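J.: sharing a model prediction with you, sequence too.
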Amino acid sequence: MTAVGIDGIEIWTGKLKLDLPGTFAPEQGDDPEKYTKGLGLTNSSFPDVYEDIVTMGANAAKGLMDRKGLEPEDVGRIDVATESAFDHSKPVSTYIAGCLEQVYDGDFTHANKGERKFACLAGTQAIDDAYNWIRAGRNRDRPAIVITTDTALYARGDPGEATQGAGAVAMLIDEDPSIVELSTDQGYGSKDETDFLKPNQQFPSVDGKRSVQVYLSRMREALEDYESVTDDIALEDFAYAPFHTPFPGMVRKAALLAYRHVIRDTEHEDALADEIGRQPREAEYEDREAYEEAIREYMDELKTTEQYRSWYDTAVEPTLELSREVGNWYTSSVHIARVSALRDALTRDREFVGDTLLVASYGSGAQAEIHAETIREGWRAEIETLDIDAQLDARYDLTWDEYEDVHDVHEYDMDLDREVEEFTQPDGEFVFTGWGRMNERKYEYVE
Ligand SMILES: CC(=O)CC(=O)SCCNC(=O)CCNC(=O)[C@H](O)C(C)(C)COP(=O)(O)OP(=O)(O)OC[C@H]1O[C@@H](n2cnc3c(N)ncnc32)[C@H](O)[C@@H]1OP(=O)(O)O
């Protein structure tokens, strides 16, 4: 079977940043370590006044097409995953295709376009759709572009405000891919949940603490489902485990739970038995409460062991590097975790063609999905070309008053009583220019 997977990746960050420990924490009256150590975040990316989900997605897609030498006619499909759409009917992919057609000679008339929604999971689902379309032989030898793009803003004062972010990832899905091959095995954990939602509103209604528990429960179910369709999982089989990362502290919890689950009844559990005992088994306890208390105690000890620390520091911690700098990018979040892993491998000059990643995606509402990906020969050349570090360094550092202005500019229902100037100069990129006669958003390319 010909390999299908991710052949190219391009990232676009919002061009502004908010320093969480330095600027946000003092205004909240919080200890800066709540952000750096608790949530695990240093900065959030924000969109400048001329940026939105379309400009960020189009800029990432243009970077990808230019690097891959693609013209519009070469592309058979454009799918956008977002939970920040401003249009209930016209998909964001049409806006993005319209932007791209301003700068290329050809057009995307014969490309299939769509928009995928399942909170942060939608990007992974759009990759699945592209994979299935290629596998079904309906692609006429053309690749698909999958774009994940979000302005992940919360209402002012919401606890989620600390985890905001804005950015886009464009990925080329093709046969014989350069970066990773996708596996056919997948595990799902899915339930109707009311934890994080946006019923006809821009900013989410969030039950923050419950959303954390829902994430963990769906991940456990997805892991069990994945185990049921594959041979037993051994954690040492995976070079990295990129998770959906709303904030790194969330992944810290998920990774510990996954580790406990996977080592049960293995030599790893035996090796830890002298140090912290064996894992509590429910049958050994009088009631569920006592069992759960024993599990909590075991987990508290497990996370301090050398065995766990060594796995976490190698397979999980490196996946959080970009997230710490940009915040939550919703649909892009797991995809920047994958890129963080690949960048770590590059820095370490790691030879890992043929190695596997265990990729754990999640969307509120709620569903988790787990699958494996195999590293391909061309990964190094692709990852070396990424300019995300330069983009991050070039971000404009907002003061508190400027942050308040930026948040207001991007709030749809805000009746702004003041002009907010752009903070950065657009240079070789798409920008938002205003509204057209049918209330559509308009864009231009600035040389
Ligand atoms: C949104 C998605 O993308 C989909 C999902 O993944 S849903 C799962 C995640 N949910 C979200 O991201 C929802 C949006 N976020 C939120 O609502 C909030 O950020 C939140 C509820 C997750 C946390 O908000 P909060 O209540 O203000 O923070 P709080 O729980 O007090 O502190 C956060 C962490 O910092 C720790 N902390 C606090 N002060 C600290 C300090 N001075 N030093 C070190 N750590 C500190 C806390 O102990 C806590 O860690 P633990 O959970 O490990 O105990």
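T.: Thanks, I have the structure now.
J.: for the residue sitting furthest away from the middle of the chain, what are its contacts?
T.: Farthest-out residue of the chain from its mean C-alpha position, per C-alpha atoms, centre = their mean: E286, at 41.0 Å. When contacts are counted by C-beta atoms under 8 Å, 6 or more residues apart in numbering, E286 touches no other residue. (Each C-beta comes from the backbone N, C-alpha and C, glycine too.)
J.: element containing it, please.
T.: In the assignment (DSSP states H and E), E286 maps to no helix and no strand.
J.: now P280. Nearest residue, chain neighbours left out?
T.: Counting by C-beta to C-beta, 6 or more residues apart in numbering, P280 lies nearest to A294, which is 3.9 Å off, once chain neighbours are set aside.
J.: wait, the one you found touches E282, no?
T.: No. If you go by C-beta atoms under 8 Å, A294 and E282 don't touch, sitting 9.4 Å apart.
J.: among those two, which residue is more densely surrounded?
T.: Per other C-beta atoms under 10 Å, whichever of A294 and E282 has more neighbours is A294, with 17 against 12.
J.: re earlier: can you tell me the helix or strand for the residue nearest to P280?
T.: Using DSSP H and E, A294 falls in helix 288-302.
J.: so which bits of that helix are buried?
T.: 291, 294-295, 298-299, 302 (16 or more other C-beta atoms under 10 Å).
J.: now, the most widely separated pair of those residues?
T.: Y291 and L302 (15.8 Å; C-beta to C-beta).
J.: pLDDT score assigned to the residue of the stretch 101-250 of the chain found nearest the ligand?
T.: Residue nearest to the ligand within the stretch 101-250 of the chain: G208 (2.5 Å; C-beta to the nearest ligand atom). Note for G208: predicted pLDDT of 96.
J.: pull the contacting residues for it.
T.: Applying C-beta under 8 Å, 6+ apart to G208 gives the contacts 159-160.
J.: quick one: it from Q201, how far?
T.: G208 sits 17 Å away from Q201, going by C-beta to C-beta, to the nearest Å.
J.: tell me how many other residues crowd G157.
T.: For G157, the count of nearby residues is 8 (other C-beta under 10 Å).
J.: interface residues of the stretch 201-350 of the chain facing the ligand?
T.: Residues of the stretch 201-350 of the chain lying close to the ligand (C-beta under 6 Å from any ligand atom) are 206, 208-209, 211-212, 215, 244, 246-247, 249-250, 328, 330.
J.: mean confidence score for stretch 225-233?
T.: On average, stretch 225-233 scores 90.
J.: quick one: the strands in the stretch 251-400 of the chain, in order.
T.: With DSSP state E, counting those that start in this stretch, the ranges of strands along the stretch 251-400 of the chain come out as 356-363, 367-375, 396-397.
J.: please list the residues of the stretch 1-150 of the chain that sit near the ligand.
T.: 31, 33-34, 37-39, 120.
J.: separation between F423 and the ligand?
T.: Taking C-beta to the nearest ligand atom, to the nearest Å as the measure, F423 falls 25 Å from the ligand.
J.: what is the burial count for that residue?
T.: Residues near F423, counting by other C-beta under 10 Å: 18.
J.: leaving out sequence neighbours, find the closest residue to T124.
T.: Per C-beta to C-beta, 6+ apart, closest to T124 is S361, 3.9 Å.
J.: phi first, then psi, for Y445.
T.: Per-residue torsions, Y445: phi -100, psi 130 (degrees, to the nearest 10).
J.: who does it form a beta bridge with?
T.: Beta-bridge partners recorded for Y445 (DSSP bridges): F430.
J.: L64: which of the strands of the stretch 251-400 of the chain is closest?
T.: strand 367-375 (18.4 Å).
J.: for the record, mean pLDDT for that closest one?
T.: Across strand 367-375, pLDDT averages out at 98.
J.: between the helix ranked longest in the chain and strand 367-375, how many degrees?
T.: With secondary structure taken from DSSP state H, the chain has its longest helix at helix 208-229. Counting by axes from the mean of the first three to the mean of the last three C-alpha atoms, to 10 degrees, helix 208-229 lies at 50 degrees to strand 367-375.
J.: how much does helix 208-229 deviate in direction from strand 356-363?
T.: Using the same axes, to 10 degrees: helix 208-229 against strand 356-363 is 140 degrees.
J.: ok, then the element right after helix 208-229?
T.: strand 238-240.
J.: give me the sheet partners of that following strand and which way each runs.
T.: Partners of strand 238-240 in its sheet, by DSSP bridges: strand 356-363 (parallel).
J.: tally of neighbours for W329?
T.: Residues lying near W329 (other C-beta under 10 Å) number 34.
J.: same question for K253.
T.: Residues lying near K253 (other C-beta under 10 Å) number 16.
J.: please apply the same query to Y154.
T.: For Y154, using other C-beta under 10 Å, the count is 19.
J.: ok, it - contacts?
T.: Contacts of Y154 (C-beta under 8 Å, 6+ apart): 160-161, 163-164, 203-204, 206.
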